[in-house]
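Participant: Give me coordinates for this.
(chains A and B)
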Amino acid sequence: MMHCKLYKTLQTSQGPIELDVFFETEQGKLVALYGASGAGKTTILRMLAGLTSPENGEIIFENETWLDTKRKFNLPPQKRKVHECGAASGYGERGCT
Amino acid sequence: MIDPEPLWLTAKLALITTVILLILSVPFAYWLAYTKAKGKTIIEAIVSMPLVLPPSVLGFYLLLAFGPSHFFGKFLENYFDVRLVFSFAGLVIASVIYSLPFMVHPIQSGFAGLSPSLREASYTLGKSKWQTVTQILLPNMRPSLLTGIVLTFAHTIGEFGIVLMIGGNIPGETKVASIAIYDEVEMMNYNNANVYASILFIITFVILLTVYFLNQRFSRSSYI
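Facilitator: Residues are numbered from 1 along each chain as shown, chains lettered A, B, ... in the order given. Alright, predicted model coming up:
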């Protein structure tokens, strides 16, 4: 189970755009992230991995808080174990989507 | 026949300076390459100063600082019984300061030239910052490390002004090969000067040739 709420202003060639996403995913479900070029797909994934910080938001993965901007808590990429989610063998097993 | 002592002293000075600078410069260059601190520009300018400053200027100020009549020199002499002027230890410190940009600049460019995705992939795969630097970043910037090491070594071999200011001309202590050449010329011993000079000439040429050769091999085997 992943709970994800993210807000960030992105600077693009057409001026600033607001990236405002909220989603929850269930264990074993396959989720597709799609959108136009420059919509913020990569930024969302970077924020999930901890490589980019959102202005506001929270990420909770299996009752473990990865990010909570209100409490100024931001787990570093090393502690998030996103590689285990991406590994084919662990796919779906740890509630990864 | 020439005295081999200055040549040995030059090699010792260059080796010690290079080892000290390598240990200091890797974390320092890492910080310079990735920091967003405001004071970075000032620190970069200070690091680059020895590139443009006449060695005699730097040598003069170090002579004042290390001298027993000034605060730092007096402090070292009173509390540690160490005198840095006209000593080999003083030469090493002066060389480290003087050759700092020759080590820091190539390593800093090496870090900055690496793709950020290398670091990010390493972090998301669970590697710590230390592991990322030692196992991922440094092995991928071997040419920059080699350039830094060799430039520092060769530059220290060629030091003259700063050595003369800080170390003087004490045989076996501070009389390095470049000073010995000057000494022999002063005494009209052109033959001895020629032997020293040609040895330095050959050593530096061989060092640079090795670097270019190795860099060529590294660039062929690079995957990035």
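
Participant: so what does the helix or strand where B:Tyr196 lies touch, helix or strand wise?
Facilitator: B:Tyr196 is part of helix B:190-221, with elements assigned from DSSP states H and E. Counting contacts by 3 or more Cβ pairs under 8 Å, 6 or more residues apart in numbering or on different chains; DSSP states H and E, helix B:190-221 is packed against helix B:5-34, helix B:142-157, helix B:177-186. Every residue, glycine included, has its C-beta placed from N, CA and C.

Participant: Mean neighbour count and mean pLDDT added to those, as JSON lines?
Facilitator: Converted to JSON lines, the helices and strands packed on helix B:190-221 look like this (neighbours: other Cβ atoms under 10 Å in any protein chain shown; pLDDT from 0 to 100):
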{"stretch": "helix B:5-34", "mean neighbour count": "19", "mean pLDDT": "94"}
{"stretch": "helix B:142-157", "mean neighbour count": "22", "mean pLDDT": "91"}
{"stretch": "helix B:177-186", "mean neighbour count": "19", "mean pLDDT": "90"}
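
Participant: And the helix holding B:Tyr196, what's buried?
Facilitator: Along helix B:190-221, these residues count as buried under the neighbour rule (16 or more other Cβ atoms under 10 Å in any protein chain shown): B:Asn192, B:Ala193, B:Val195, B:Tyr196, B:Ala197, B:Ile199, B:Leu200, B:Ile203, B:Thr204, B:Ile207, B:Val211, B:Asn215.

Participant: helices or strands up against the lowest-mean-pLDDT helix or strand in chain B?
Facilitator: Lowest by mean pLDDT, DSSP states H and E among the helices and strands of chain B is helix B:71-75, with a mean of 81. When contacts are defined as 3+ Cβ pairs under 8 Å, 6+ apart, helix B:71-75 packs onto helix B:55-66.

Participant: what does the helix it packs on contact?
Facilitator: When contacts are defined by Cβ atoms under 8 Å, 6 or more residues apart in numbering or on different chains, helix B:55-66 is touched by residues B:49-50, B:70, B:72-73, B:76, B:83-85, B:90, B:93-94, B:97-98, B:159-166.

Participant: Which members of those are classed as buried?
Facilitator: Buried by 16+ other Cβ under 10 Å: B:50, B:73, B:76, B:84-85, B:90, B:93-94, B:97-98, B:159-166, out of the contacts of helix B:55-66.

Participant: The residue of chain B found nearest chain A: neighbour count?
Facilitator: Chain A sits closest to B:Tyr123 of chain B, with a gap of 3.9 Å, by Cβ to the nearest Cβ. Per other Cβ atoms under 10 Å in any protein chain shown, the neighbour tally for B:Tyr123 reads 24.

Participant: for the record, mean pLDDT for whatever helix or strand it lives in?
Facilitator: Using DSSP H and E, B:Tyr123 sits in helix B:116-124. Mean pLDDT, computed over helix B:116-124, is 91.

Participant: just the CA coordinates of it, formatted as PDB?
Facilitator: Output of helix B:116-124 as PDB, limited to C-alpha atoms (Å, rounded to 0.1, in the frame of the first residue of the first chain):
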ATOM      1  CA  PRO B 116      24.400  12.700 -12.100                       C
ATOM      2  CA  SER B 117      22.500   9.500 -12.800                       C
ATOM      3  CA  LEU B 118      25.500   7.500 -11.700                       C
ATOM      4  CA  ARG B 119      25.200   9.000  -8.200                       C
ATOM      5  CA  GLU B 120      21.500   8.800  -8.100                       C
ATOM      6  CA  ALA B 121      21.300   5.200  -9.300                       C
ATOM      7  CA  SER B 122      23.900   4.300  -6.600                       C
ATOM      8  CA  TYR B 123      21.800   6.100  -3.900                       C
ATOM      9  CA  THR B 124      18.500   4.500  -4.900                       C
END
